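Chemist: Below are the sequence and a predicted model; questions follow.
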Amino acid sequence: MGDLSGQLALVTGACGKLGPIWIEALTRVGARVIGVDVLPGEFDGATSIEVADVTDRDSLLALRARIGTPNVLVNNAGIDQPPSGDAGSAAIEDVPFDDFRRVLDVNLAGTFLATQVFGSAMRDAGRGSIVNLGSLYAGIAPDPSMYDHLQLDPPFLKPPAYGASKAGVLSLTRYFARLWGPYGVRVNALSPGGVLGGQDPEFLRKFTARTPLRRLAEADDLTGPLLFLASEASRYVTGHELRVDGGFTA
């Protein structure tokens, strides 16, 4: 499963929390990986980093002209706000609209633009796999009690735009799967649940108590599902959301 030898894979949001996980996994199975981010970053010599903005179509078109048509596109770029006592907080009636719109611009519009630019070239080539990053909160709403131990006034709220944007990503996934399936392009979504990454002990206790597998995901839990969707192992799978959430939404 997951042999991508000689194929070109493009990963947006390469310098974020999950970007390096996807890049390492794709590189390990033989893909030539190009990471994309708005700021320069560094990886090992097997991966190049291109500076481009997923909210700027001209930036993406220029990138396509430089690198060509990928075999695999991982739409990973996104904005999230992990729970933290250091995070800013606002009552729901005071959430700045510009903040709401910025999340939609990157998470949803950015996925659309990258799919529009690179996916259309994949369609013309008659092959390819697009993997969009969904989320646990694309299908369920966050529970405010998960965060009520954080010493913030007003209390911490998971940004309302985050789940809304990821639900939109799932809709785009189905849309493009139906549109481009006849051309040999598969489009699926990978929706992680909680991913271990420095959360406070009380949040971890609450979250794992709600998760049947009693833990958060680690990097190795995510790479197999990604490689399944990216490769010919899933050649008859399209328009699908693969939840990797330890059973949280069961």
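Modeler: Perfect, thanks for sending it. Numbers count the residues shown, from 1 in each chain.

Chemist: Can you tell me which residue sits nearest the middle of the chain?
Modeler: Leu133 (2.8 Å; Cα atoms, centre = their mean).

Chemist: quick one: pLDDT of the residue nearest to that one when sequence neighbours are not counted?
Modeler: In space, and not counting its chain neighbours, Leu133 is closest to Asn76: 5.0 Å by Cβ to Cβ, 6 or more residues apart in numbering. C-beta: built from backbone N, CA, C; applies to glycine. In the predicted model, Asn76 carries a pLDDT score of 98.

Chemist: Now do the strands in the chain.
Modeler: 8-12, 32-37, 47-51, 72-75, 128-133, 185-192, 241-244 (DSSP state E).

Chemist: For my notes, please list those strands in a markdown table and give distance to Asp200 for each entry.
Modeler: Converted to a markdown table, the strands of the chain look like this (distance: least, Cβ to Cβ, whole Å):
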| stretch | distance to Asp200 |
| --- | --- |
| strand 8-12 | 29 |
| strand 32-37 | 28 |
| strand 47-51 | 31 |
| strand 72-75 | 29 |
| strand 128-133 | 24 |
| strand 185-192 | 19 |
| strand 241-244 | 23 |
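
Chemist: ranking those by burial, who's on top?
Modeler: strand 72-75 (a mean of 29; mean count of other Cβ atoms under 10 Å).

Chemist: ok, that one: who's next to it in the sheet?
Modeler: Sheet pairing of strand 72-75 (DSSP bridges) gives strand 8-12 (parallel), strand 128-133 (parallel).

Chemist: which helices and strands sit right next to the lowest-mean-pLDDT helix or strand in the chain?
Modeler: Ranked by mean pLDDT, DSSP states H and E, the helix or strand of the chain with the weakest confidence is strand 47-51, at a mean of 86. Applying 3 or more Cβ pairs under 8 Å, 6 or more residues apart in numbering; DSSP states H and E, one finds that strand 47-51 contacts strand 32-37, helix 57-67.

Chemist: Can you give the contact residues for it?
Modeler: With contacts defined as Cβ atoms under 8 Å, 6 or more residues apart in numbering, strand 47-51 is touched by 14-15, 23, 27, 33-43, 63, 66-67.

Chemist: what about Ser5, how many neighbours?
Modeler: 8 (other Cβ atoms under 10 Å).
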